[in-house]
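# Need a 3D model of the sequence below.
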Amino acid sequence: MSTVHAAFKRVAARRGDADFLCVEAVTAETYGIDAGARSWREVAGEVDRLRTAYAQAGYGHGHRVGLLLENRPAFFTHWLALNSLGISIVPIHAELRSAEWTYLIGHSEMSLAVVQPGREGGLRAAAIEAGAPLDTIRPEVAGQIPAARSPARLAGQPVGRASECALLYTSGTTGRPKGCRLANGYFLRAGEWYLGLGDLAEVRNDAERFITPLPLSHMNALAFSSMAAILSGGALVQLDRFHPTTWWQSVRESRATIVHYLGVMPAMLLAAPPSPLDHQHGVRFGFGAGVDPRHHAAFEERFAFPLLEAWAMTETGAAACIMASREPRHVGTSCFGRAELAVETRIVDEQDAAVGADVPGELLVRAAGTDPRRDFFLGYLKDEDATEEAWAGGWFHTGDVVRRSAEGDFHFVDRRKNVIRRSGENISAVEVESVLNLHLAVAASAVAATPDPVRGDEVLACIVLRKAANLPAPEQIAASIVRHALERLAYFKAPGYVAFVDALPLTVSQKIQRGELRELARTLPGTPSCIDTRQMKRRRKKR
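Predicted structure coming up:
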C-alpha cells in the first residue's frame, strides 16, 4: 500500500455498500446537493470513471491540479482519481481573493483546476494575470476533460509512497504563503498513526463515523480525519463549515462517534444555553487543538466526552504529532501530551541551547532513527533555502514556544513565529502588512495578534499615517484601510482592529520589534486610538 488511492481501493473492496461519504442536511442545503450517504462501492465507481477520463486527457505523474471545491464530496472523488495517476492536488481556499489566487496558480504551476460552479471566471482571470494558462472544469464533468497542456513531468516513473500527493499552502513568516509538498507517505502515516493511538483515542475498525467542519485546504481534515476514515473503513461526515446553532443536530443526524475541532468551537458551543440534549449523542472523543484552558473541563463535563489536545504542523504531519490521548491529560493547562518514541524533541532558547524542565523555549522535532525527515513534508516548493533553514542542525524548527514538565508533558505557551492564528487559519503578519502599506494614507504598518474570546486571536494593525492636511476622521480612515485589505486578501486576514500610533516599535536596524509589538497589541483594544473593525469582516456570500 503505497498511495492514498491504493489504501482506499483495498478497503472499498471489503466495505462495499457500507457508508463512506455522508452529507447531513445543513451541508446539503448550503451546497445545494442531496443529503445522505454514499457507499464505498459508489464512490469507488466514480473514482474509476474520473481516473479514466483524466488518463485519456493526458494527465499523469508529476502534474498538479487545483481543487476549488470547498468541502464538497466531489473533492474526495477527484482527489482519489488524481492520486491514482500520480497527480498532486492543490486545494484552493474559496475565501481567497483574486490576487491571492494569482500567486497560488503561478507558483504551483497547476495545469488544470476543478472548480465549483460560479467560480470558473474568477479563477481563469487570476490565471491570466499570473501569465499561467489554466483550464477549468466543473466537478460533475461527465465528458471530455481538456487535453493536458504539457506532458506529465514524471511519466514512466512509478507512483509510490514518495510521490507528491498534495501541495498545501501555509502562511509563512516572510510574506507570501509557502507551498508544502506532501507525499503519499505523509498521508498514509497520518492514518496509521491515528489508528495506533489507542487509549482514549481508540479507533474501531469499520465502526467509526468521523465528523469535521474543518477545511480540506488544511492538513487536519485532508490528512487526519480523511485518512483515519479511509484506513479504518469508517464513514466521513465532512461539513461545509462549523455552524454553532446546528452543530449538535448534525452530530446526531450523522451518528458521529469522533469529532474534529478547533479551539473556537468549544467556546461557541458552551455559550449556548444548557439543554437536556447535551448528552444525547454518540461521540466518544474529540481530536483537536487550541481549546481555551478555561473551557476545557467545563466542556467535557457538560457534553460528556474528552477533548484530546494535539500538536502538529503542516510541515510535520503525524511524523511529529504529539497528543494527549491518555491520562493524565492535565486538563485546563494547555497540555498536549507526551512525545512517542518515534519522535525526538528538543526545547531550546533563542541561542539554540537546551532549556530545563518547565522553562519555555522553541520546540524542535525530528523523526527518530536514521532518517530525521521521514514522513515530514518533502520541502517548500521552489524554496530550498527556506526548507534547509527550517531544518537547521538536523532538527525541524517549529517556531512554537512550549514548556515540558519534569514528567515529560508538553504545554503550549506561545508562537515565536510571526503568524496569527484566527479561528484555525494561520495568517502571515508580513503578508497583511505588505497589503496595508499600499494604502495611500498609510506611511507604515505592523500587524500582530490580539486576544479574542471566541476566535483565539484577532488581527490588529498598528498604523502610522502619512502627514497630510484634512484627513478624515479616524473611523473613516480605519474603514477605508480595512476595505482596501478586504479587496486583496481573504476576509479573515483583514484587520479586526486598526490602531493609529505615532511610531512603530523598531529595532536599531529599523525592523519591527515583534516581541514588543505583540505585547502592545494585547493592550490596544478599547483605547481611544484603536478602532474596532471586526464587524466589517464577513465571509463571502454563496452564489
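
# alpha carbons only for contacts and neighbour counts from here, please
OK.

# Helices of the stretch 101-250 of the chain, residue ranges please.
Taking DSSP state H, counting those that start in this stretch as the test, the helices found in the stretch 101-250 of the chain are 120-130, 184-195, 219, 226-232, 247-254.

# how long is stretch 512-532 end to end?
Length of stretch 512-532, first residue to last, Cα to Cα, to the nearest Å: 23 Å.

# quick one: contacts of that stretch?
Contacts of stretch 512-532 with the rest of the structure, by Cα atoms under 8 Å, 6 or more residues apart in numbering, involve 418, 446, 448-451, 460, 474-475, 478, 496-501, 504-507.

# Show me which of those are buried.
418, 446, 448-451, 460, 474, 478, 496-501, 504-505 (16 or more other Cα atoms under 10 Å).

# what's across from Ile322 in the sheet?
Beta-bridge pairing for Ile322 (DSSP bridges): Trp311.

# Distance check, it against Tyr194.
11 Å.

# higher neighbour count, the two?
Tyr194 (22 against 19; other Cα atoms under 10 Å).

# is it true that that one touches Phe224?
Yes. At 7.2 Å, Tyr194 and Phe224 qualify as touching, with contact defined as Cα atoms under 8 Å.

# remind me, longest helix of this protein?
helix 40-56 (DSSP state H).

# what helices or strands is that helix leaning on?
helix 4-15, strand 19-23, helix 73-84 (3 or more Cα pairs under 8 Å, 6 or more residues apart in numbering; DSSP states H and E).

# what does that helix contact?
9, 12-13, 15-21, 60, 77-78, 80-82, 84-85, 143-145.

# Now the phi/psi pair for the most centrally placed residue in the chain, please.
By Cα atoms, centre = their mean, the chain has its centre lying nearest to His218, at 2.7 Å. Geometry field for His218 lists phi and psi as phi -120, psi 160, criterion degrees, to the nearest 10.

# Which pLDDT value goes with it?
His218 is assigned 92 on the pLDDT scale.

# State the distance from it to Val401.
Applying Cα to Cα to His218 and Val401 gives a distance of 22 Å.

# do Pro133 as well
In terms of Cα to Cα, Pro133 sits 42 Å off from Val401.

# And for Arg366?
In terms of Cα to Cα, Arg366 sits 16 Å off from Val401.

# can you check Ile420 too?
14 Å.

# Over to Asn220?
From Asn220 to Val401 the distance is 21 Å (Cα to Cα).

# what's the answer for Ala235, then?
36 Å.

# between the two, who's got more neighbours?
Ala235 (30 against 21).

# show me what contacts that one?
19-22, 207-210, 229.

# at 7 Å instead, please
19-22, 208-210, 229 (Cα atoms under 7 Å, 6 or more residues apart in numbering).

# so which of the residues you listed comes closest to Arg252?
The nearest member of these to Arg252, counting by Cα to Cα, is Arg209 at 11.1 Å.

# Spit out the contact partners of that closest one.
Contacts of Arg209 by Cα under 7 Å, 6+ apart are 234-237, 255-258.

# what ranges do the helices span in the stretch 401-543 of the chain?
Using DSSP H, counting those that start in this stretch, helices in the stretch 401-543 of the chain cover 429-436, 474-486, 514-523.

# Would you format those helices as a markdown table with distance to Ser2 and mean pLDDT included?
Output for the helices of the stretch 401-543 of the chain, formatted as a markdown table (distance: least, Cα to Cα, whole Å; pLDDT from 0 to 100):
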| stretch | distance to Ser2 | mean pLDDT |
| --- | --- | --- |
| helix 429-436 | 37 | 86 |
| helix 474-486 | 42 | 95 |
| helix 514-523 | 43 | 89 |
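
# deepest of those, which one?
helix 429-436 (a mean of 22; mean count of other Cα atoms under 10 Å).

# which stretches of the protein have low pLDDT?
Along the chain, the parts satisfying pLDDT under 70 run over 142-143, 171-175, 416-417, 469, 507-510, 540-543.

# still on that earlier bit, output the helices of the stretch 101-250 of the chain as JSON lines; include the columns distance to Gly286.
Output for these, formatted as JSON lines (distance: least, Cα to Cα, whole Å):
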{"stretch": "helix 120-130", "distance to Gly286": "36"}
{"stretch": "helix 184-195", "distance to Gly286": "13"}
{"stretch": "helix 219", "distance to Gly286": "17"}
{"stretch": "helix 226-232", "distance to Gly286": "13"}
{"stretch": "helix 247-254", "distance to Gly286": "12"}
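
# just so I know, which of those lies nearest Pro372?
Comparing the helices of the stretch 101-250 of the chain by Cα to Cα, helix 184-195 comes nearest, at 13.6 Å.

# contacts for the closest one?
2-4, 161-165, 203, 223-224, 227-228, 231, 317-318, 375-377.

# then that helix to CSV, C-alphas only?
Output in CSV follows, covering the C-alpha atoms of helix 184-195 (Å, rounded to 0.1, in the frame of the first residue of the first chain):
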residue,chain,number,x,y,z
ASN,A,184,1.7,9.8,-0.2
GLY,A,185,3.8,8.6,2.8
TYR,A,186,2.8,11.7,4.7
PHE,A,187,-0.9,10.9,4.3
LEU,A,188,-0.6,7.2,5.0
ARG,A,189,1.5,7.9,8.1
ALA,A,190,-1.3,10.2,9.3
GLY,A,191,-3.9,7.4,9.2
GLU,A,192,-1.5,4.8,10.5
TRP,A,193,-0.5,7.0,13.5
TYR,A,194,-4.2,7.8,14.2
LEU,A,195,-5.3,4.2,14.2
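
# now that helix against helix 4-15, angle please.
40 degrees (axes from the mean of the first three to the mean of the last three Cα atoms, to 10 degrees).

# Can you give the distance from helix 184-195 to the centre of its chain?
On the basis of Cα atoms, centre = their mean, to the nearest Å, helix 184-195 sits 17 Å off its chain's mean C-alpha point.

# List the buried residues in that helix.
184-195.

# same deal with stretch 119-127?
119-120, 123-127.

# helix/strand/coil for Gly282?
coil (DSSP: H, G, I helix; E, B strand; the rest coil).

# Number the chain from 496, please
Understood, numbering begins at 496; the last thing we discussed is Gly777.

# That one against Ser749, yeah?
No. The pair Gly777 / Ser749 is not scored as a contact, 9.8 Å apart, by Cα atoms under 7 Å.

# who's more crowded, the two?
For Gly777 versus Ser749, neighbours defined as other Cα under 10 Å are more numerous around Ser749 (23 against 16).

# does that one really touch Glu519, like I thought?
Yes. Under the criterion of Cα under 7 Å, Ser749 makes contact with Glu519 at 6.3 Å.

# Could I get the full set of strands for the stretch 796-945 of the chain?
802-806, 817-818, 838-843, 856-862, 874-875, 891-899, 905-910, 914-917, 920-923, 937-947 (DSSP state E, counting those that start in this stretch).

# List just the one of the ones you listed that sits closest to Trp743.
The nearest among these, by Cα to Cα, is strand 802-806 at 15.7 Å.

# the inter-axis angle of that closest one versus strand 891-899?
130 degrees.

# which helices and strands does strand 802-806 pack with?
Other helices and strands packing on strand 802-806, by 3 or more Cα pairs under 7 Å, 6 or more residues apart in numbering; DSSP states H and E, are strand 780-784, strand 817-818.
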